[in-house]
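Chemist: kindly generate the corresponding structure for this input.
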Amino acid sequence: MDSAFVIEKFILVAVIFGISLVIAMYSTYAERKVAAYLQDRLGPDRAGPFGILQPLADGVKMFMKEEIIPTSSNRFLFIAGPGLALLCACIGTAVIPWGSPVLIAGKTIPLQVSDINVGVLYIFGVVSLGVYGVMIGGWASNNKYSLLSAIRAASQNISYEIAMGLSIIALLLMTNTLSLKEIVDQQHGWRWNVLYQPLGFLIFMVCSFAETNRAPFDLPECETELIGGYHTEYSSMKLGFYLFAEYINMFVSSAVMAALYWGGYNYPGMDSMAVWLGPTWAPLFGTAVFFGKICAFIFFFMWVRWTIPRFRYDQLMNLGWKGLIPLAIANIIITGVVIAIIEKF
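Modeler: Take a look at the predicted model:
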């Protein structure tokens with residue numbers, strides 16, 4: 001294997017990992033500012049200008065807090081849970097195409113860690129693994145509230161993964177590929193999949209809220225019933241890992257939605273922009289557009305959290321099994337019929 005290729009991929013992984021952590025860190029700041037705006041107050045404004053150093057202060061606080069491991073807990077699993085949650089959150093970024101190949105010093109560099117031909121399945125596999133961090137942490141705490149939260153998280157993830165998978169099948173019928181790069185490239189310019197699969201996108205987005213445990217689907221962390229949920233017994237940076245994992249999951253979910261349905265790094269007039277900016281800056285501009293779409297989705301996650309009240313658990317299950325799954329199946333049937341008619345005539 002070429003050493004230059006290894007170095008190139010290592011740098012790309014390091015950059016993506018760093019960006020993921022920075023976005024997760026400043027998502028906490030953005031969440032507070034969005035909540036403050038919606039509630040007619042200021043939000044963080046003490047640590048640095050406009051409070052922009054608040055995430056750094058929070059990080060220092062997490063590191064400096066006392067480390068507590070309950071004596072009755074399973075020590076190994078108690079420590080492993082937060083790490084597994086963060087790991088599963090981060091590895092989802094490996095197959096996301098962040099931009100079209102960029103020309104640097106005469107060498108064309110793809111802005112994707114790995115373009116595997118089963119990228120969509122990889123994303124679903126990583127999403128499925130993510131719940132193990134929550135389950136292990138909840139069970140290892142030896143706390144009944146944490147255990148109830150872990151059971152809730154498992155049942156919620158299983159329920160909404162089915163609807164999410166079914167919503168993707170209709171999209172795959174159109175694209176005929178499981179590669180995220182090919183799906184994005186098919187949406188060149190304005191040919192975004194959301195225009196052809198609005199119902200599929202809506203189902204996928206609702207399931208993304210449930211998979212990331214964001215309000216109104218944050219039943220595993222329901223403080224009025226379960227104190228703090230699966231991380232009740234956690235403190236210091238272990239708690240920070242769980243919080244980081246939630247925000248990185250939100251970032252990855254936003255990136256996947258933007259890539260699958262909203263064109264990824266494609267935008268209207270991109271061919272003219274490529275001629276004007278050249279092979280180096282045009283792909284980077286497309287990457288900036290992609291991150292703009294991701295930020296818009298992250299803002300929507302936050303907007304919904306501070307707007308819609310939490311579901312009851314029976315409502316959560318009814319929506320998943322009696323609402324989204326039948327809708328997703330109907331969407332598959334309609335898409336298949338339309339494709340068959342188009343191919344026939």
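Chemist: shaky segments in the chain?
Modeler: Applying pLDDT under 70 to the chain picks out residues 1, 223-226.
Chemist: separation between the residue sitting nearest the centre point of it and Thr335?
Modeler: Closest to where the C-alpha atoms of the chain average out (CA atoms, centre = their mean) is Ser253, at 2.3 Å. Using CB to CB, to the nearest Å, Ser253 is found at 23 Å from Thr335. Every C-beta, even on glycine, is put in place using the N, C-alpha and C of the backbone.
Chemist: tell me the SS of Asp45?
Modeler: coil (DSSP: H, G, I helix; E, B strand; the rest coil).
Chemist: spit out the contact partners of it.
Modeler: Gly51 (CB atoms under 8 Å, 6 or more residues apart in numbering).
Chemist: could you do Asn157 as well?
Modeler: Val127, Ser128, Gly130, Val131, Ala210, Glu211.
Chemist: same question for Met25.
Modeler: Here Met25 is in contact with Pro55, Gly59, Phe244, Tyr247 (CB under 8 Å, 6+ apart).
Chemist: same thing with Leu84?
Modeler: Leu84 touches Leu129, Tyr132, Gly133, Ile136, counting by CB under 8 Å, 6+ apart.
Chemist: 10 Å - rerun?
Modeler: Neighbouring residues of Leu84 by CB atoms under 10 Å, 6 or more residues apart in numbering: Leu77, Leu129, Gly130, Tyr132, Gly133, Val134, Met135, Ile136, Gly137, Phe241, Ala245.
Chemist: likewise Gln54?
Modeler: Met25, Tyr26, Thr28, Tyr29, Arg32, Lys33, Gly43, Pro44, Asp45, Arg46, Ala47, Gly48.
Chemist: report the buried members of those residues.
Modeler: Met25, Tyr26, Thr28, Tyr29, Arg32, Lys33, Gly43, Pro44 (16 or more other CB atoms under 10 Å).
Chemist: let me know the closest of those residues to Ala328.
Modeler: Nearest to Ala328 among the buried ones among the contacts of Gln54, counting by CB to CB, is Thr28 at 32.6 Å.
Chemist: can you tell me how far the closest one is from Tyr37?
Modeler: Relative to Tyr37, and taking CB to CB, Thr28 is found at 15 Å.
Chemist: same check, this time on Phe244
Modeler: In terms of CB to CB, Phe244 sits 24 Å off from Tyr37.
Chemist: more neighbours: which of those two?
Modeler: Phe244 (24 against 14; other CB atoms under 10 Å).
Chemist: hang on, isn't that one packed against Leu87?
Modeler: No. Counting by CB atoms under 10 Å, Phe244 sits too far from Leu87 to count as a contact (11.1 Å).
Chemist: hmm, back to that, could you dump the contacts of Leu84 to JSON lines with neighbour count, secondary structure and distance to Ser272?
Modeler: Formatted as JSON lines, those follow (neighbours: other CB atoms under 10 Å; DSSP: H, G, I helix; E, B strand; the rest coil; distance: CB to CB, whole Å):
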{"residue": "Leu77", "neighbour count": "15", "secondary structure": "helix", "distance to Ser272": "55"}
{"residue": "Leu129", "neighbour count": "16", "secondary structure": "helix", "distance to Ser272": "42"}
{"residue": "Gly130", "neighbour count": "26", "secondary structure": "helix", "distance to Ser272": "40"}
{"residue": "Tyr132", "neighbour count": "18", "secondary structure": "helix", "distance to Ser272": "47"}
{"residue": "Gly133", "neighbour count": "25", "secondary structure": "helix", "distance to Ser272": "45"}
{"residue": "Val134", "neighbour count": "31", "secondary structure": "helix", "distance to Ser272": "47"}
{"residue": "Met135", "neighbour count": "23", "secondary structure": "helix", "distance to Ser272": "50"}
{"residue": "Ile136", "neighbour count": "23", "secondary structure": "helix", "distance to Ser272": "51"}
{"residue": "Gly137", "neighbour count": "33", "secondary structure": "helix", "distance to Ser272": "50"}
{"residue": "Phe241", "neighbour count": "23", "secondary structure": "helix", "distance to Ser272": "45"}
{"residue": "Ala245", "neighbour count": "25", "secondary structure": "helix", "distance to Ser272": "40"}
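Chemist: in helices only, show me the contacts of Asn157.
Modeler: Per DSSP state H, helices hold the following members of those: Val127, Ser128, Gly130, Val131, Ala210, Glu211.
Chemist: just the buried members of those?
Modeler: Val127, Gly130, Val131, Ala210, Glu211.
Chemist: touching, the fourth one and Met164? I think so.
Modeler: Yes. Taking CB under 10 Å as the definition, Ala210 is a contact partner of Met164 at 8.4 Å.
Chemist: between those two, which contacts overlap?
Modeler: Asn157, Gly320, Leu324.
Chemist: look at Thr108 and give its secondary structure.
Modeler: Thr108 falls in the strand class when you classify it by three-state DSSP.
Chemist: next one: it from Pro279, what distance?
Modeler: 8 Å.
Chemist: common neighbours of the two, please.
Modeler: Ser100, Pro101, Val102.
Chemist: just the buried residues of those.
Modeler: Ser100, Val102.
Chemist: what sits against Gly133?
Modeler: 80-89, 150, 153, 230, 241-242, 245.
Chemist: tell me, how many residues neighbour Lys322?
Modeler: Lys322: 10 neighbours (other CB under 10 Å).
Chemist: phi, psi of it?
Modeler: phi -100, psi -10 (degrees, to the nearest 10).
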